[in-house]
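Sharing a model prediction with you, sequence too.
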There are 2 protein chains.
Amino acid sequence: MNNKRFMRRAITKAKEGIRRGQTPFGACIVKNGLVIASAHNGVWADTDILAHAEMRAIRLACKKLRSVDLSGCVIYSTCEPCPMCFSACHWAKISKIVYGARIADAKELGFSELVISNADMKRLGGSRIKLKGGFLKAECLELFRAWDRLEDKRAY
Amino acid sequence: MNNKRFMRRAITKAKEGIRRGQTPFGACIVKNGLVIASAHNGVWADTDILAHAEMRAIRLACKKLRSVDLSGCVIYSTCEPCPMCFSACHWAKISKIVYGARIADAKELGFSELVISNADMKRLGGSRIKLKGGFLKAECLELFRAWDRLEDKRAY
């Protein structure tokens, strides 16, 4: 139930990003049932290749909690975090990642993804982070289709 | 020759960071023989778990070049970039990573590193980024020892 609410918050942020000329990704960080931070991708808006939705949400959460330790937090992401974002979640000690679409789906849109799944990153790196994929996947993939229909879309 | 000069710039930044209570990592980004950006780790200073030296240098370079495309740039890092930073270099289309110490060396200091080497990340993700490891390694490891001697050091 709550899972759906939090993922839909991430989806709403992604839609907001699409309207603002950004790429179709959103994320939301939750602790003890409360939303701590949410963000859409801002690579173009910030001229910052690091400004993925998950990264912006993690930075906001660190500021809000005044800590670099996000233990006990769950991150909801409309797309499986790329290896950069997965590793950021690990560094932040986030407890669980819940995602919708897969990295491979994003690559099909033209993004130069390193296609290493979160499951592989977790296994190879020995991370204890929990993973749940394919959550509200159809709604998350719809974000990709909406963005892909735009004439002035820009991948990176 | 220049390689040494640029790595020593990264080492100087790392030393500056250590003096400021930060962790012992530095990075320097160079394009066409010119230093575009350099930074030390700022996780504690910024209360930002993402503020690794490489990440801060990449963000600065994007601002300076007004572009998220750092093609043709080389990054010098006192330590092998963690999977987050490696992936950030890939996203930024950085051409080459030159590093000193290894991720495994940093893990020994107490950092919760995902020990996946840059060579493995490159192979698994199909990245075209060039790699050169072990460069001025003794000087880079000395940074680790200097930091490790501090009584008030804090890993994450």
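Great, that's in hand. Numbers count the residues shown, from 1 in each chain, chains lettered A, B, ... in the order given.

Make sure A:A27 is indeed in a helix.
No. Going by DSSP: H, G, I helix; E, B strand; the rest coil, the assignment for A:A27 is strand, not a helix.

Check the spacing between it and B:C79 real quick.
A:A27 sits 28 Å away from B:C79 when distances are taken as C-beta to C-beta, to the nearest Å. For glycine as for every other residue, the C-beta is placed from the backbone atoms N, C-alpha and C.

Over to A:C62?
Separation of A:C62 from B:C79 (C-beta to C-beta): 22 Å.

of those two, who's got more company?
Set side by side, A:C62 and B:C79 show more neighbours around B:C79, with 32 against 24, by other C-beta atoms under 10 Å in any protein chain shown.

ok, that one - contacts?
Contact analysis of B:C79 by C-beta atoms under 8 Å, 6 or more residues apart in numbering or on different chains lists B:F25, B:Y99, B:G100, B:A101, B:R102, B:I103, B:D105, B:A106, B:C140.

Kindly recompute the last result at 6 Å.
The neighbours of B:C79, taking C-beta atoms under 6 Å, 6 or more residues apart in numbering or on different chains as the test, are B:F25, B:A101, B:A106.

among these, which are within reach of chain A?
Of the residues in the contacts of B:C79, proximity to chain A by C-beta under 6 Å from any C-beta of the partner chain holds for none.

now those in a markdown table, with neighbour count, distance to A:R66 and pLDDT?
As requested, the contacts of B:C79 are arranged in a markdown table below (neighbours: other C-beta atoms under 10 Å in any protein chain shown; distance: C-beta to C-beta, whole Å; pLDDT from 0 to 100):
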| residue | neighbour count | distance to A:R66 | pLDDT |
| --- | --- | --- | --- |
| B:F25 | 33 | 23 | 98 |
| B:A101 | 27 | 31 | 98 |
| B:A106 | 22 | 25 | 96 |
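
out of those, who's nearest chain A?
B:A106 (12.1 Å; C-beta to the nearest C-beta).

For that closest one, what is the enclosing helix or strand?
Per DSSP states H and E, B:A106 falls inside helix B:103-108.

Next one, pLDDT for A:K122 please.
On pLDDT, A:K122 comes in at 98.

Give me the neighbour count for it.
Residues near A:K122, counting by other C-beta under 10 Å, number 18.

So it belongs to a helix, correct?
Yes. Under three-state DSSP, A:K122 sits within a helix.

how close does it sit to A:F25?
From A:K122 across to A:F25, the span is 20 Å (C-beta to C-beta).

pretty sure A:P83 contacts B:S87?
Yes. Judged on C-beta atoms under 6 Å, A:P83 makes contact with B:S87 at a distance of 4.3 Å.

Quick check: neighbours shared by those two?
A:L114.

Name the residue in the two with the higher neighbour count.
Higher neighbour count among A:P83 and B:S87: A:P83, with 30 against 26, using other C-beta under 10 Å.

give the contact list for that one.
Counting by C-beta under 6 Å, 6+ apart, A:P83 touches A:L114, A:I116, A:M121, B:P83, B:S87.

Against B:V35, how distant is the nearest residue to the last one once chain neighbours are set aside?
In space, and not counting its chain neighbours, B:S87 is closest to A:M84: 3.6 Å by C-beta to C-beta, 6 or more residues apart in numbering or on different chains. Computed as C-beta to C-beta, the A:M84 to B:V35 distance reads 24 Å.

Compare these two (neighbour count), which wins?
Between A:M84 and B:V35, counted using other C-beta under 10 Å, the more crowded position is A:M84 (26 against 16).
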